[in-house]
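Visitor: Whatever this is, show me its structure:
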Amino acid sequence: MELRLMYNEASVGALANAIVAVYPPFAREPFLAAVFAPGWDDLALKQRTRRITTALHDFLPADYAQALDILRRALPLLGEQGFEKMVFPDYVECYGLDHLEASLDALEAFTQEVSAEFAIRPFIDRYPQETMARMAQWARHPHSGVRRLASEGCRPRLPWGMGLRALKEDPSPILPILEQLRNDPDEVVRRSVANNLNDIAKDNPAVVLDLLGRWQADATPEVAWITRHALRTLVKQGHPGALGLLGYGAARVSVSPVKVSPETVMMGDRVTFSFTITSTGDALQDLVVDYALHMARANGKQTAKVFKIGKWTLGPGETVTITRSHSFRPITMRTYYAGAHAIQPQVNGELYERAEFVLLAD
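Guide: Here you go, the predicted model:
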């Protein structure tokens with residue numbers, strides 16, 4: 001089911017019922033009429049969330065503190081609902097920016113039921129010191145959802161969230177939170193730590209490498225996993241510091257010219273490529289193998305994106321032949337354009353000979 005379809009007459013009706021249960025004056029039917037007004041069927045996920053939020057604001061008391069109290073009492077009545085509860089933190093994001101303490105208290109409560117990482121970001125932007133200080137407290141909270149918000153909410157490049165330019169430029173306020181959470185007992189929290197570090201690495205790789213380097217002195221298995229996951233973008237980029245931290249030195253290998261088939265590919269089809277790696281070293285060596293896809297863009301130029309293949313350990317003279325395919329089926333996160341493309345093997349961050357092919361439009 002599309003996520004946006006989780007907002008429907010049943011789920012929004014349940015929301016209205018919960019509010020009526022704690023605040024009988026709530027105008028249930030006019031609220032539902034406002035939500036499902038013409039155009040509802042055409043709304044995307046976030047647009048549906050925002051329409052419900054706006055309708056709530058129209059029918060709840062104008063006093064923000066009173067409205068929050070109603071929402072906080074209604075939320076536990078929604079039981080097994082999941083993503084549908086996003087309207088609760090969204091209400092804080094839309095209407096609480098002038099009420100810092102009350103809003104942070106509400107987000108602390110709401111995030112124990114539903115994720116609030118999008119809603120916290122405008123508060124970080126407007127009140128950076130106060131909000132980050134509260135998030136540092138949340139990093140020690142007994143509830144894992146609150147601890148996750150402490151990390152996830154301040155990711156500098158959170159997907160689908162507003163960017164945090166100040167934290168892109170100077171991520172130092174984030175680091176004490178990540179220090180606190182690096183050995184968190186909840187895997188979801190640790191994954192957020194790794195994703196936050198991966199975000200930071202895109203703008204400040206030296207900061208991440210220094211932090212992770214210090215963590216290795218007493219690294220637990222959890223920190224070892226965070227390290228690998230946090231460095232994934234730098235590893236794809238062939239960053240020598242990231243590869244070195246993970247134990248990958250300069251590769252002593254030869255790589256055969258990559259073969260690509262077919263040399264002309266239709267949009268929506270696949271290209272298959274293969275190449276052979278031969279170890280030229282005199283000892284076992286660990287290799288991380290990727291490939292760079294040089295893609296035609298709308299302006300006629302090319303940009304490269306690196307895709308993972310895998311890891312191998314080769315002894316002296318050993319070889320491995322790698323065959324993979326790449327689909328040119330359009331997807332939401334990537335747009336393909338007709339034109340000249342190329343595949344290029346990458347071993348321990350070093351790029352080898354590329355092979356050209358042409359992608360044709362339908």
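
Visitor: all contacts plus neighbour counts: C-alpha atoms, from now on.
Guide: Noted.

Visitor: Apart from its neighbours in sequence, what residue is nearest Thr220?
Guide: In this structure, Thr220 finds its nearest non-sequential neighbour in Asn183, 7.6 Å apart by Cα to Cα, 6 or more residues apart in numbering.

Visitor: wait, isn't the one you found in contact with Pro221?
Guide: No: using Cα atoms under 8 Å, Asn183 makes no contact with Pro221, being 9.1 Å away.

Visitor: Which of those two has more residues huddled nearby?
Guide: Set Asn183 next to Pro221 and count neighbours by other Cα atoms under 10 Å: Asn183 wins out with 18 against 10.

Visitor: Give me the phi and psi for the more buried one.
Guide: The phi and psi torsions at Asn183 (degrees, to the nearest 10) take the values phi -110, psi 30.

Visitor: so what pLDDT did the residue sitting nearest the centre point of the chain get?
Guide: Nearest residue to the geometric centre of the chain (Cα atoms, centre = their mean): Pro159, 4.8 Å. If you check Pro159, the pLDDT there is 92.

Visitor: Quick one: residues contacting it.
Guide: Contacts for Pro159 (Cα atoms under 8 Å, 6 or more residues apart in numbering) come out as none.

Visitor: Now do the SS call for it.
Guide: Secondary structure, DSSP: H, G, I helix; E, B strand; the rest coil: Pro159 is coil.

Visitor: And it, how far from Ala298?
Guide: 23 Å (Cα to Cα, to the nearest Å).

Visitor: for Gln180, same thing?
Guide: Counting by Cα to Cα, the gap from Gln180 to Ala298 is 45 Å.

Visitor: ok, those two, which is more surrounded?
Guide: Of the pair Gln180 and Ala298, Gln180 is the one with more neighbours under other Cα under 10 Å, namely 15 against 12.

Visitor: SS state for that one?
Guide: helix.

Visitor: Give me the local confidence score for it.
Guide: Looking at Gln180, the pLDDT reads 97.

Visitor: Quick one, grab the pLDDT at the closest residue in space to it that isn't next to it in sequence.
Guide: Closest residue to Gln180 apart from its sequence neighbours, by Cα to Cα, 6+ apart: Ala139 at 6.5 Å. You'll see Ala139 listed with a pLDDT of 98.

Visitor: Isn't Ala139 up against Asn183?
Guide: No: counting by Cα under 8 Å, Ala139 does not reach Asn183; the two are 11.5 Å apart.

Visitor: could you list every residue that touches Gly96?
Guide: So Gly96 contacts 64, 102-103 (Cα under 8 Å, 6+ apart).

Visitor: what's the distance between it and Cys154?
Guide: 18 Å.

Visitor: Same check on Val35?
Guide: Distance of Val35 to Cys154, given as Cα to Cα: 31 Å.

Visitor: These two: which is more packed in?
Guide: Shown here are Val35 and Cys154; by other Cα under 10 Å, Cys154 has more neighbours (26 against 23).

Visitor: Could you confirm Gly163 falls within a helix?
Guide: No: Gly163 is assigned coil when assessed by three-state DSSP, not a helix.

Visitor: For the chain, which segments are assigned as strands?
Guide: 253-255, 259-261, 264-266, 270-279, 285-296, 302-314, 319-327, 339-347, 350-351, 355-360 (DSSP state E).

Visitor: For Val188, find the nearest of those strands.
Guide: The stretch from the strands of the chain with the least distance to Val188 (Cα to Cα) is strand 302-314; that distance is 23.0 Å.

Visitor: partner strands of the closest one, parallel or antiparallel?
Guide: Counting by DSSP bridges, the strands paired with strand 302-314 are strand 285-296 (antiparallel).

Visitor: residues in contact with the strand it pairs with?
Guide: Against strand 285-296 from outside (Cα under 8 Å, 6+ apart): 236, 247-248, 251, 302-315, 336-349.

Visitor: quick revisit: who wins on neighbours among the contacts of Gly96?
Guide: Ser103 (24 neighbours).

Visitor: That one touches Asp90, doesn't it?
Guide: No: using Cα under 8 Å as the test, Ser103 is too far from Asp90 to be in contact (10.9 Å).

Visitor: Now the common contact residues for these two.
Guide: In contact with both Ser103 and Asp90: no residue, using Cα under 8 Å, 6+ apart.

Visitor: how is this structure carved up into domains?
Guide: Here the domain assignment for the chain is 3-245, 253-360, based on automatic domain parsing.

Visitor: what about the last one, start to end distance?
Guide: Think domain 253-360. Terminal residues of domain 253-360 lie 34 Å apart, using Cα to Cα.

Visitor: Looking at the closest residue in space to Asp184 that isn't next to it in sequence now. What's its pLDDT?
Guide: In space, and not counting its chain neighbours, Asp184 is closest to Arg190: 6.1 Å by Cα to Cα, 6+ apart. pLDDT recorded at Arg190 is 98.

Visitor: Contact partners for Arg190?
Guide: 181-184, 222, 226.

Visitor: quick one: it from Glu29, how far?
Guide: For Arg190 relative to Glu29 (Cα to Cα), the value is 43 Å.

Visitor: what are the ranges of the helices in the stretch 101-250 of the chain?
Guide: 121-126, 128-138, 144-152, 165-169, 175-181, 187-203, 205-215, 221-230, 232-236, 240-245 (DSSP state H, counting those that start in this stretch).

Visitor: can you put these in JSON lines and add distance to Thr53?
Guide: Output for the helices of the stretch 101-250 of the chain, formatted as JSON lines (distance: least, Cα to Cα, whole Å):
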{"stretch": "helix 121-126", "distance to Thr53": "16"}
{"stretch": "helix 128-138", "distance to Thr53": "23"}
{"stretch": "helix 144-152", "distance to Thr53": "21"}
{"stretch": "helix 165-169", "distance to Thr53": "27"}
{"stretch": "helix 175-181", "distance to Thr53": "31"}
{"stretch": "helix 187-203", "distance to Thr53": "27"}
{"stretch": "helix 205-215", "distance to Thr53": "38"}
{"stretch": "helix 221-230", "distance to Thr53": "35"}
{"stretch": "helix 232-236", "distance to Thr53": "36"}
{"stretch": "helix 240-245", "distance to Thr53": "43"}
